[in-house]
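**Student:** Any chance you can model this:
(one chain, ligands or ions: 1)
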Amino acid sequence: MRRKLAAGNWKMNGVKAQLAELDNIRKTHPNPAVDVLICPPATLLSDAVKTVSGYPMMIGGQDCHTANSGAHTGDISADMIKDAGGTAVIVGHSERREDHGESDAQICAKATTVMENGLIAVVCIGESLAQREAGETLSVIGAQLAGSVPDTASAAQLVIAYEPIWAIGTGLIPTLEQIAEVHDFMRENMIQRFGTDTANGIRLLYGGSVKPGNATEIFAVSNVDGALVGGASLTAADFCPIIAALEASAV
Ligand SMILES: O=C(CO)COP(=O)(O)O
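**Tutor:** Residues are numbered from 1 along each chain as shown. Next comes the predicted model:
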């Protein structure tokens, strides 16, 4: 039904030498049984696409503008990412929301542009520690889903990544029960909005301190269809065991 997805977000890490890690992933997993996506910094997009030529790995962007072109110094568009050979774009990462003040409405507009360009939008949502401690997690997630996911979304072009802000880069992860609660909530929310068929095709990823050591237990959680991995996607040595754990969970 849903093909599992192991996604890596390199964030602002990597110069050309980093592309060797894509080769290493390819050598270790020549024929992955799950979808694999790496989102390098924009400067490496074209070279990353060339590096994985002939290998079933998707390459994506980490953000894009809402427009396809125009007077927006420093921004890149979904059209440019597509032109470079990318097939997916992360939108609404909490680091973009925080560093650049991005709102749900802007993220929704970005996701719409990504989909209009025929690419997959990986829409990120997640609560802060203060929101979790205040018992607001599900209401925050519900509001972010309502505000950031376009009405026009199709299952094939939408991936949602649940990334609790306090779990990103901290080594902390929610309990498995907490992950299940949010993922079940997200699935139900999508069913209410898009109907069962579409909702059951949307991949829901968990992100935040996913490592080789915790991947297997996270992938066994209800409605977790893969991971969006930051730090542990930077080396094949860390990312390949995560791919393997996802493959094992898929059988
Ligand atoms: O933000 C993340 C992926 O987008 C998660 O980052 P870490 O895996 O480094 O915690």
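**Student:** Tell me which residues touch Ala153, please.
**Tutor:** Contact analysis of Ala153 by C-beta atoms under 8 Å, 6 or more residues apart in numbering lists 111, 115, 121, 194, 198, 202. Any C-beta I mention is one placed from the backbone N, CA and C, and that applies to glycine too.
**Student:** which secondary structure element contains it?
**Tutor:** Assessed by DSSP states H and E, Ala153 sits outside every helix and strand.
**Student:** Can you dump the C-alpha atoms of stretch 73-82 in CSV for me?
**Tutor:** The C-alpha atoms that make up stretch 73-82 are tabulated as CSV, following Å, rounded to 0.1, in the frame of the first residue of the first chain:
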residue,chain,number,x,y,z
THR,A,73,17.5,37.3,-4.0
GLY,A,74,18.9,34.2,-2.4
ASP,A,75,15.8,32.0,-2.8
ILE,A,76,15.4,29.0,-5.0
SER,A,77,12.2,27.7,-6.6
ALA,A,78,10.6,24.3,-7.0
ASP,A,79,11.0,24.8,-10.7
MET,A,80,14.8,25.2,-10.3
ILE,A,81,14.9,22.1,-8.0
LYS,A,82,13.1,20.1,-10.7
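**Student:** And the contacts of Ala153, which is closest to the ligand?
**Tutor:** Ala121 (14.1 Å; C-beta to the nearest ligand atom).
**Student:** Contacts only, for the closest one.
**Tutor:** Ala121 neighbours (C-beta under 8 Å, 6+ apart): 88-89, 91, 110-111, 114-115, 150, 153, 157-159.
**Student:** So which of the contacts of Ala153 belong to strands?
**Tutor:** Ala121 (DSSP state E).
**Student:** near the ligand, from the contacts of Ala153?
**Tutor:** Applying C-beta under 6 Å from any ligand atom, the subset of these adjacent to the ligand is empty.
**Student:** Just to check, Ile191 is in contact with Ile202?
**Tutor:** No - counting by C-beta atoms under 8 Å, Ile202 is not a contact partner of Ile191; they are 9.7 Å apart.
**Student:** Which one of the two is surrounded by more residues?
**Tutor:** More neighbours surround Ile202 than the other of Ile191 and Ile202, with 23 against 15 (other C-beta atoms under 10 Å).
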